[in-house]
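Novice: Quick one, what's the 3D model for this:
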Amino acid sequence: RTLPYTSQEIVKILALRAQVESIEMKDESLSYLGDLGMDSSLRHAVQLLTPSQVIATTKDRSSVEKDDIEEANSLFCDAKRSAKVLQEQ
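Specialist: Next up, the predicted model:
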């Protein structure tokens, strides 16, 4: 049986993934994305990396900031949020 990732482990994984994908991120952004990963899933947090970079690029920034991640998160639902929306309908 495996144990869930800690917040620090999620941040390390996200930092490594961002480095591999050449995505510059501020420490605050990584921390916030790690918190999202704890609340939803690591998969959802990783999937927010590229849209967040695209949003930052459209704002003429080379580094992803917290508000870019918030905007991407508002556009893309994680599995838990999707299930909740479906239950409410």
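
Novice: Need the pLDDT of R1.
Specialist: Turning to R1, the model gives it a pLDDT of 81.

Novice: Would you quantify the distance from it to K12?
Specialist: Computed as CB to CB, to the nearest Å, the R1 to K12 distance reads 22 Å. Yep, even glycine has a C-beta here, placed from its N, CA and C like the rest.

Novice: Neighbour count for the two, which is higher?
Specialist: Per other CB atoms under 10 Å, whichever of R1 and K12 has more neighbours is K12, with 14 against 2.

Novice: The more buried one: which element?
Specialist: helix 7-20 (DSSP states H and E).

Novice: what's in contact with the helix or strand following that helix?
Specialist: As assigned by DSSP H and E, the chain's next helix or strand after helix 7-20 is strand 24-25. The contact list for strand 24-25 (CB atoms under 8 Å, 6 or more residues apart in numbering) reads 15, 18, 33, 62-64.

Novice: 10 Å instead?
Specialist: Strand 24-25 is contacted from outside by 14-15, 18-19, 31-33, 49, 52-53, 56, 61-66, 68-69, using CB atoms under 10 Å, 6 or more residues apart in numbering.

Novice: Any of those residues buried? List them.
Specialist: Among those, those classed as buried by 16 or more other CB atoms under 10 Å are 14-15, 18, 31-33, 49, 52-53, 56, 64-66, 68-69.
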